[in-house]
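[1] I would like to see how this sequence folds:
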Amino acid sequence: LYNISCYDKKTNKLKTLFIGTSNNTATFVLTNAAGCDSLVTLDLTINVSPTAVATDNGDATITASTGTTYEWIDCGTGLAIAGATSQTYTVTANGSYSVVVSNGTCTDTSDCVVIDYMNVSEMSLDVISLYPNPTRDNVTVTMSSASASIEIIDAQGKLLRATQVVNGDKIDLSTYETGMYIFRVKTENGTSIFRVSKN
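    Below is the predicted model of the structure:
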């Protein structure tokens, strides 16, 4: 229930103009001194602001709370990250990141999340190597495990490829654009994350 009131100077009292029970409309009939009346309708919309939260998934990705649009920010520079407009952002370098979440009408910015584990193995007991790095075409995968699954992710966080490999396999990057790519290597012993530069 809500009401809208005004101060009436003639009576020195607060006068309630509108009473409503929803956030849509309320009406009130006003009568002037000559007895003529006017119908006044208030259209009221209350927009709820989203609550932005950025969660480190522990695998070089950060996920934003639900919204309709997203813009990831590098907290170190305060600038938007070009092309980073998905709900999940794949980090390409250690740093501090936040997200602006919009629900179409209102926006909110999350607290900064610190990522400081890039190019390190996460709970992996495997010895894994990707070379050459940088590369022009192929990357060779050597590892102590028998096999692994590899996800290749671009700088905007888009998953480009998921594949299974065995020790010594080559991954062809010749058709990929020049830039930095994240390789998420998963074995039975854990996950390792690597940055690979394509020239």
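[2] just the residues contacting stretch 168-181, thanks.
    92, 135-142, 150, 152-155, 160, 163, 165, 195-199 (C-beta atoms under 8 Å, 6 or more residues apart in numbering). C-beta coordinates here come from the backbone N, C-alpha and C atoms, glycine included.
[3] same deal with stretch 93-112?
    Residues contacting stretch 93-112 (C-beta under 8 Å, 6+ apart): 47-54, 62, 64-76, 81, 89, 91, 113-118, 195.
[4] just the buried ones among the contacts of stretch 168-181, please.
    Those of the contacts of stretch 168-181 that meet the buried threshold are 92, 135, 139-141, 150, 152-155, 165, 195-196, 198, by 16 or more other C-beta atoms under 10 Å.
[5] around Thr107, how many other residues sit close by?
    15 (other C-beta atoms under 10 Å).
[6] got the phi and psi for it?
    With angles defined as degrees, to the nearest 10, Thr107 sits at phi -130, psi 160.
[7] can you check the distance spanned by stretch 79-92, start to finish?
    Counting by C-alpha to C-alpha, to the nearest Å, you get 15 Å between the two ends of stretch 79-92.
[8] count the neighbours of Asn57 for me.
    Counted with other C-beta under 10 Å, the neighbours of Asn57 add up to 11.
[9] for the protein, what helix or strand is lowest in average pLDDT?
    Within the chain, no helix or strand scores below strand 121-122, which has a mean of 46 by mean pLDDT, DSSP states H and E.
[10] which SSE is immediately downstream of it?
    strand 128-131 (DSSP states H and E).
[11] now the element after that next one, going C-ward?
    strand 138-143.
[12] partner strands of the helix or strand following that next one, with direction?
    Sequence order places strand 147-153 as the next helix or strand after strand 138-143, per DSSP H and E. As defined by DSSP bridges, the strand partners of strand 147-153 come to strand 159-166 (antiparallel), strand 179-187 (antiparallel).
[13] list the contacts of strand 147-153.
    Outside strand 147-153, the residues that touch it by C-beta under 8 Å, 6+ apart are 90, 126, 128, 141, 159-167, 171, 181-187.
[14] distance from it to the middle of the chain?
    The chain centroid and the centroid of strand 147-153 are separated by 23 Å, computed with C-alpha atoms, centre = their mean, to the nearest Å.
[15] now it: average pLDDT?
    Per-residue pLDDT over strand 147-153 has a mean of 92.
[16] kindly calculate the angle that it makes with strand 138-143.
    140 degrees (axes from the mean of the first three to the mean of the last three C-alpha atoms, to 10 degrees).
[17] can I get strand 147-153 as PDB, trimmed to CA atoms?
    Presented in PDB, the C-alpha positions along strand 147-153 are these (Å, rounded to 0.1, in the frame of the first residue of the first chain):
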ATOM      1  CA  SER A 147      45.200 -38.300 -21.800                       C
ATOM      2  CA  ALA A 148      43.600 -34.900 -21.100                       C
ATOM      3  CA  SER A 149      40.700 -32.800 -22.300                       C
ATOM      4  CA  ILE A 150      41.600 -29.300 -23.500                       C
ATOM      5  CA  GLU A 151      39.400 -26.300 -23.800                       C
ATOM      6  CA  ILE A 152      40.600 -23.400 -25.900                       C
ATOM      7  CA  ILE A 153      39.100 -20.000 -24.900                       C
END
